[in-house]
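S.K.: build me a model:
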Amino acid sequence: MESKIEVVSTVKVQNSPDLYKIVDALNRTLKRDDLMFGLALDQDDQEKAIFTIYRT
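M.R.: Numbers count the residues shown, from 1 in each chain. The predicted model follows:
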């Protein structure tokens, strides 16, 4: 059984200490709609974060 993960959207935003809380809330709320959210620090600018929406 193969699972495909599709990137729906990616956006670079200003990093914030509480940003992960939003991503966590979205993941908990929308996982039943086959959506997953990710957050990573930008490798080139540590003051920016990359927010990604995936369809699973």
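S.K.: all helices of this structure, in order?
M.R.: In the chain, the helices defined using DSSP state H lie at 19-30.
S.K.: can you give me the strands for it?
M.R.: 6-14, 35-41, 48-55 (DSSP state E).
S.K.: could you point out which of the ones you listed sits nearest Y20?
M.R.: strand 35-41 (5.9 Å; Cβ to Cβ). Bear in mind the C-beta positions are built from the backbone N, C-alpha and C, glycine included.
S.K.: what are the bridge partners for G38, then?
M.R.: Counting by DSSP bridges, G38 forms beta bridges with T52.
S.K.: repeat for V11
M.R.: Beta-bridge partners for V11, by DSSP bridges, are F51.
S.K.: show me the shaky parts of this structure.
M.R.: Low-confidence segments of the chain (pLDDT under 70): 1-2.
S.K.: tell me which residue is most central in it.
M.R.: G38 (2.2 Å; Cα atoms, centre = their mean).
S.K.: roughly how far does that residue sit from I50?
M.R.: G38 sits 8 Å away from I50, going by Cβ to Cβ, to the nearest Å.
S.K.: mind listing what the residue nearest to the centre of the chain touches?
M.R.: 23, 50-52, 54 (Cβ atoms under 8 Å, 6 or more residues apart in numbering).
S.K.: same check on V23?
M.R.: 37-39, 51.
S.K.: go again using 6 Å as the cut-off
M.R.: 37, 39 (Cβ atoms under 6 Å, 6 or more residues apart in numbering).
S.K.: done for today, thanks.
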